[in-house]
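Student: below: sequence and its predicted model.
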Amino acid sequence: MVEKPTSFVLGDWGTSNLRLFCVVGGKIIDTTVGPGVGQLKSGASEIITQLLSSWEEYRNIEAVYLCGMVGSSLGLVEVPHHQCPMDWTEIGQASQSASVNGISAHIVPGLSCTNPLIAPDYLRGEETQIVGTIKVLDKIRYGMQLLCLCGTHTKWVWIEEGRINVFLTSLAGELFESLTESVLVKETVATRSVDATSLRRGIKESGKHDHADLLHQLFQVRSRKLSGDLSGESATGFLSGLIVGTDVSRALQISRTMGKTIDLVTIVGAKSLTDQYELACTHFKTKCITVDGQQASLAGLASIFDLNVSMDNHVTH
């Protein structure tokens, strides 16, 4: 039996952000952040060496366990995607390692599939959240489940009896960010904050016209402002409601088209986003539960690599 390390680092290294968590004796005792792989001005190995250096001096770090875009061609080492369908317990069997200043860094592979629109689809990092979510919510490994991993690129994942069958990527988060900076919307938006009232209004509006596409509804963020029907303070929330509402309603529609009966949606991500998706699910009369995305990532890494990590005292930065 291979002896497991007692001092190690867990990390989620995405395109935009890097989050590292130092674990000693099963407890998360410290955390730090760094640039995402899409923002690197030097090599990935150099960045992680710099961030680990202060911990190495007095905590004797034995290994690093990472998920996300660190496994892409931009990261430490390219780890091929696993093709779906596959069982959630098999994720990580093809993990690969790289040496970072003498420390072994173990990287989780991403997933690929042919999505419900008959197009290739990919994810990195969310596979670890899927594993962590199943560990946190044991009951979702049974029956037909729909997971919504919300973020810049929201992933809708269909799981049956613990087997990840297929997933679909939505650009909901990226679209929202782009439109708040566009000529179309920027001049009408007084704030980037999302208030619940305008969010609900946008969600409700998104479901009014089944025959209309999101493209046909977006301009009203500006036109309602020009007519006096929408204030600059509420425009951002209304925009987010249109996008999130459409994302949820279309994902549920795709489930029905696939012949999948969905009784519950499990929403994973940052609270600011899971709250929005929860409101949309409620509007479309679909039960949902939420899981903290960071907790899911940490639980997933601990499960994939069979590590002893207590989540009770997990440190947030």
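Tutor: It's in.
Student: in this protein, which helix or strand is least confident?
Tutor: helix 183-186 (a mean of 66; mean pLDDT, DSSP states H and E).
Student: mind listing the strands for the stretch 151-300 of the chain?
Tutor: Secondary structure of the stretch 151-300 of the chain (DSSP state E, counting those that start in this stretch): strands at 154-160, 163-170, 264-269, 287-292.
Student: got those strands as CSV, with mean neighbour count and distance to H82 columns?
Tutor: Using the backbone N, CA and C atoms, a C-beta is placed for each residue, glycine as well. Below are the strands of the stretch 151-300 of the chain laid out as CSV (neighbours: other C-beta atoms under 10 Å; distance: least, C-beta to C-beta, whole Å):
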stretch, mean neighbour count, distance to H82
strand 154-160, 23, 13
strand 163-170, 20, 9
strand 264-269, 24, 19
strand 287-292, 18, 22
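Student: out of the ones you listed, nearest to L74?
Tutor: Taking C-beta to C-beta, strand 163-170 is the member of the strands of the stretch 151-300 of the chain nearest to L74, at 18.3 Å.
Student: just for the stretch 101-250 of the chain, where's the confidence low?
Tutor: By pLDDT under 70, the weakly predicted segments of the stretch 101-250 of the chain are 183-192.
Student: 90 instead?
Tutor: Across the stretch 101-250 of the chain, the ranges flagged by pLDDT under 90 are 101-103, 138-139, 141, 180-195, 209-213, 222, 225-226, 228, 230-235.
Student: what sits opposite the nearest residue to V291 once chain neighbours are set aside in the beta ladder?
Tutor: Excluding the flanking residues, the one nearest V291 by C-beta to C-beta, 6 or more residues apart in numbering is V268, at 4.7 Å. Residues in a beta bridge with V268, per DSSP bridges, are L149, V291.
Student: separation between V268 and G151?
Tutor: Look at V268 and G151: by C-beta to C-beta, to the nearest Å, they are 9 Å apart.
Student: intersection of neighbour lists for these two?
Tutor: G293 (C-beta atoms under 8 Å, 6 or more residues apart in numbering).
Student: what about the residue nearest to I91 when sequence neighbours are not counted, neighbour count?
Tutor: Of all residues not flanking I91 in the chain, E127 sits nearest, at 5.2 Å (C-beta to C-beta, 6+ apart). By other C-beta atoms under 10 Å, 29 other residues sit near E127.
Student: doesn't E127 fall inside a helix?
Tutor: Yes. If the criterion is DSSP: H, G, I helix; E, B strand; the rest coil, then E127 is within a helix.
Student: that older thread, you'd agree the residue nearest to V291 is up against L146?
Tutor: No. The pair formed by V268 and L146 falls short of the contact definition of C-beta atoms under 8 Å, at 11.4 Å.
Student: ok, which stretches of this structure are helices?
Tutor: Ranges of helices within the chain are 44-59, 126-136, 172-180, 183-186, 196-206, 220-227, 232-257, 271-283, 293-304, based on DSSP state H.
Student: could you dump the second one to PDB, C-alpha only?
Tutor: Looking back up the chat, that one is helix 126-136. This file holds the C-alpha atoms of helix 126-136, laid out as PDB (Å, rounded to 0.1, in the frame of the first residue of the first chain):
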ATOM      1  CA  GLU A 126     -16.000  20.600 -13.500                       C
ATOM      2  CA  GLU A 127     -15.300  16.800 -13.500                       C
ATOM      3  CA  THR A 128     -13.800  17.300 -10.100                       C
ATOM      4  CA  GLN A 129     -16.800  19.300  -8.900                       C
ATOM      5  CA  ILE A 130     -19.000  16.400 -10.100                       C
ATOM      6  CA  VAL A 131     -17.100  13.900  -8.000                       C
ATOM      7  CA  GLY A 132     -17.100  16.300  -5.000                       C
ATOM      8  CA  THR A 133     -20.800  17.000  -5.300                       C
ATOM      9  CA  ILE A 134     -21.600  13.300  -5.300                       C
ATOM     10  CA  LYS A 135     -19.500  12.900  -2.200                       C
ATOM     11  CA  VAL A 136     -21.300  15.700  -0.500                       C
END
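Student: angle of it against strand 264-269?
Tutor: Helix 126-136 and strand 264-269 are oriented at 120 degrees to each other (axes from the mean of the first three to the mean of the last three C-alpha atoms, to 10 degrees).
Student: centre of the chain to helix 126-136, how far?
Tutor: For helix 126-136, the distance from its own C-alpha centre to the chain's C-alpha centre is 10 Å (C-alpha atoms, centre = their mean, to the nearest Å).
Student: residues in contact with that helix?
Tutor: Contacts for helix 126-136 (C-beta under 8 Å, 6+ apart): 12, 67-68, 82, 88, 91-92, 108-111, 140-141, 147, 149, 155, 157, 159, 162, 164, 266, 268, 291, 293, 295-304.
Student: tell me the buried residues in that helix?
Tutor: Buried residues in helix 126-136, counted by 16 or more other C-beta atoms under 10 Å: E126, E127, T128, Q129, I130, V131, G132, T133, I134, K135, V136.
Student: buried stuff in stretch 75-95?
Tutor: In stretch 75-95, counting by 16+ other C-beta under 10 Å, buried: G75, L76, V77, V79, H81, H82, C84, M86, W88, I91, G92, S95.
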